[in-house]
Each structure stands twice: as C-alpha cells, then as structure tokens.
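Student: Have a look at this prediction, sequence included:
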Amino acid sequence: MKTIPVDYNAITESDQLRLSFPSSRREMLAARTQDWAWLSDGEVIVGARIAIDDEFGVVGIPDWQTIVHLDGNQAQDLPSIRREVRGLVQNPHPSTEQEWRLFQLLTIYESIAPSDAEPSFRVGYFECRRAATLLSLSKPELALVEIEEARRINPGQAIGDCLFLRILRVTDLPRAVREAEVLAAKPDLSANVLAHCICILGTLADTVPDHEFTPLSLRIIAWVERFRNAPSDQSVKPSKAMVQFDYGLVLLRLGRHAEASQVFVELASEINPAPEFIEAARLTTYDDDARRLAAQFRSRPSAA
C-alpha cells in the first residue's frame, strides 16, 4: 500500500488533513495521486479524497470508515493475523463486518510481515485482495487506487486486469471503454479478461442511442465469438454467464427476439440461474425492464 505522509495534528476545523508539507507533495507526485489516496503517519492509515482548499491548499478529506491502526497489540501477533486472514479469504459469503475485518487485517499484515512470511501471498496480492474487498464495501475509488498499484507491481495478471475493468466500469465508464479496447487488442487475451471487456461494451450499449448502437453491437458480437475460443487458465463459468447475458441483450435490441430468448433460456438451464435470466427470457422488446435487469445482473459480485 503506497501512502502519503500526513500529520494528524494538522487537521482543520472542517476535518481536512493538510497535505502542503514538502514530504506530502513529493509522495503525491511520485504516486501520481489524483482523486484518492492513502494517508499515514506510520501508526494510522486512512483513505482520503484529495482536494484543494482555498485557505490550506492541498488537503485530504478522510473517509474515517477506512481507518486502520498499525500500532495496536494485535499488530504484533503475526501467526494469529495469518490464520484469521486465511479463514476470512476462504469464506464465500462474508458479512459486511467480515469484509471490513479482512481489509484491516490485510493492511496490518502487509505492514508488519516480512516479504517471505507467506509464499502464497504473491507480489501484488495484498493490493489486489484489498481492491476486491473495498469494491464489495462500496469504496470503488479506493479500490481503484489499490488495483492500479497491483497492476503496476505485477503487470499482465488476468485476475488484476479483470478486477481493474470491473472497478473502472463502476467509477469511470469512458475510461473503462478505452482500457477494454486496449486489452481486447491483444490476440492472446484470456477468456475471463475478454468477458469483462464485453461487459463494459454491454454497459455502454445500454446508454447509447440507436444510431450508435448498431456499430457497437457488431463489435460486441465479434468479441463474443472471440470469447468462445479464447484461452483460459481458470473456470470460465461466471464469465460465460456475463458474456451470454450481454449477448442476449444485444440480440434483443437488434430485434432478434427468438434468438435472445433462447440465449436466456439456456443460461437459466445450464448455469446456476440468477433470477434475471428467467425474467429476461420473457422479454420481447428492449425497454426499461431490460435495462433494469441488466443493471441488476451486473451489480452482482459473482457476475461482474
């Protein structure tokens, strides 16, 4: 986790942290910080939105919900932290409280663990896992900070690229489209990353007028064909659901209702069915209900 030095005593009456110190400015330039960053005095870390204040200059507006204390007694018990982290990571359906606990423990663990403490924690693991946790906790801006750092220190990893696209689709759709086009230009792109590229174009398709939709739909269909033969080093079942759902919506908007219905029926029968598949199979036109189903399906953690 890259942090910007901060003096928590230099807090304004409006709960802003002043970042006009030379060390803060140097770190912000090095980290290319734009909108959000992590601030730390070595003992406490907190996420903050970077802003300009008329009186104090560059400031951080803390999201105190993300505060992590690095100097508590528990921070000295590495074996206990490791065991708890493993248990939380293996939980397929964590509660919000457990997600927050995992975020805090990952941050503490990374700050105190030697680099070889846990071989399974590859380079970029903490950043990538924290990004996924922060996204689940509805902190997509800080999730983006983490996944960008994960991709910087360990580039070319499919899991990082997928999560990067997933976060961008929520925070900055125009940028997500640009990044998807860059990744999709790679001839050997994995099926799972390509699925997220398709999901981004599908999300864009829901927002464009008819005259822009037709050329966009052709590109989506071409990428769907690529997906069916793309290489993958992990299960593509969730990715297939994502791709087929977007493909069905494209067919529906193109007026190919029978084909769209068949796609949705197959999804409902072949893949662990989401309610959206069954409801989508009844659609006969691309309308507000179709857009609602699309937004509802894409908001599912397992589907995006």
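Tutor: Nice, I can see it. All values reported here derive from a predicted model rather than from experimental measurement.
Student: For the rest of this, base every contact and every neighbour count on C-alpha atoms.
Tutor: Will do.
Student: the longest helix in this structure is where?
Tutor: helix 210-229 (DSSP state H).
Student: which other helices and strands contact that one?
Tutor: With contacts defined as 3 or more CA pairs under 8 Å, 6 or more residues apart in numbering; DSSP states H and E, helix 210-229 has these neighbours: helix 191-205, helix 237-253.
Student: what about the helices in this structure?
Tutor: 22-31, 78-89, 96-112, 125-136, 140-153, 158-171, 173-184, 191-205, 210-229, 237-253, 257-270, 275-280, 288-298.
Student: average model confidence for the first one?
Tutor: Which is helix 22-31. Averaged across helix 22-31, pLDDT comes to 55.
Student: Equivalent analysis for the third one, please.
Tutor: Averaged over helix 96-112, pLDDT sits at 92.
Student: Please identify the deepest-packed of the helices of the chain.
Tutor: Highest mean neighbour count of the helices of the chain: helix 191-205, a mean of 25 (counted as mean count of other CA atoms under 10 Å).
Student: and the angle for that helix with helix 210-229?
Tutor: Here the directions of helix 191-205 and helix 210-229 differ by 170 degrees (axes from the mean of the first three to the mean of the last three CA atoms, to 10 degrees).
Student: re earlier: format the helices of the chain as a markdown table; extra columns: distance to residue 11.
Tutor: A markdown table is the format used below for the helices of the chain (distance: least, CA to CA, whole Å):
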| stretch | distance to residue 11 |
| --- | --- |
| helix 22-31 | 14 |
| helix 78-89 | 31 |
| helix 96-112 | 23 |
| helix 125-136 | 25 |
| helix 140-153 | 21 |
| helix 158-171 | 28 |
| helix 173-184 | 34 |
| helix 191-205 | 40 |
| helix 210-229 | 49 |
| helix 237-253 | 45 |
| helix 257-270 | 54 |
| helix 275-280 | 48 |
| helix 288-298 | 39 |
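Student: among those, which is nearest residue 45?
Tutor: Shortest distance between residue 45 and those, using CA to CA, is found for helix 96-112: 8.7 Å.
Student: name the helices or strands packed onto the closest one?
Tutor: strand 57-69, helix 78-89, helix 125-136.
Student: and that helix with strand 57-69, angle?
Tutor: 100 degrees.
Student: Measure how far helix 96-112 is from the centre of its chain, please.
Tutor: The chain centroid and the centroid of helix 96-112 are separated by 17 Å under CA atoms, centre = their mean, to the nearest Å.
Student: For the helices and strands packed on helix 96-112, which has the smallest mean pLDDT value?
Tutor: helix 78-89 has the lowest average pLDDT among the helices and strands packed on helix 96-112, namely a mean of 87.
Student: In this structure, what helix or strand scores lowest on average pLDDT?
Tutor: Least confident element among the helices and strands of the chain, by mean pLDDT, DSSP states H and E: helix 22-31 (a mean of 55).
Student: still on that earlier bit, now the helices and strands packed on helix 210-229 as TSV including mean pLDDT and distance to residue 213?
Tutor: Shown next, in TSV, are those (pLDDT from 0 to 100; distance: least, CA to CA, whole Å):
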stretch	mean pLDDT	distance to residue 213
helix 191-205	95	6
helix 237-253	89	9
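Student: closest to residue 148 out of these?
Tutor: helix 191-205 (15.7 Å).
Student: what's that closest one packed up against?
Tutor: Using 3+ CA pairs under 8 Å, 6+ apart, helix 191-205 is in contact with helix 158-171, helix 173-184, helix 210-229, helix 237-253.
Student: what's the angle between it and helix 288-298?
Tutor: Going by the same axes, to 10 degrees, helix 191-205 makes 150 degrees with helix 288-298.
Student: about what we covered before: now render the helices and strands packed on helix 191-205 as JSON lines, adding distance to residue 66.
Tutor: Putting the helices and strands packed on helix 191-205 into JSON lines (distance: least, CA to CA, whole Å) gives the following:
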{"stretch": "helix 158-171", "distance to residue 66": "18"}
{"stretch": "helix 173-184", "distance to residue 66": "25"}
{"stretch": "helix 210-229", "distance to residue 66": "38"}
{"stretch": "helix 237-253", "distance to residue 66": "30"}
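Student: Perfect, I'm done here.
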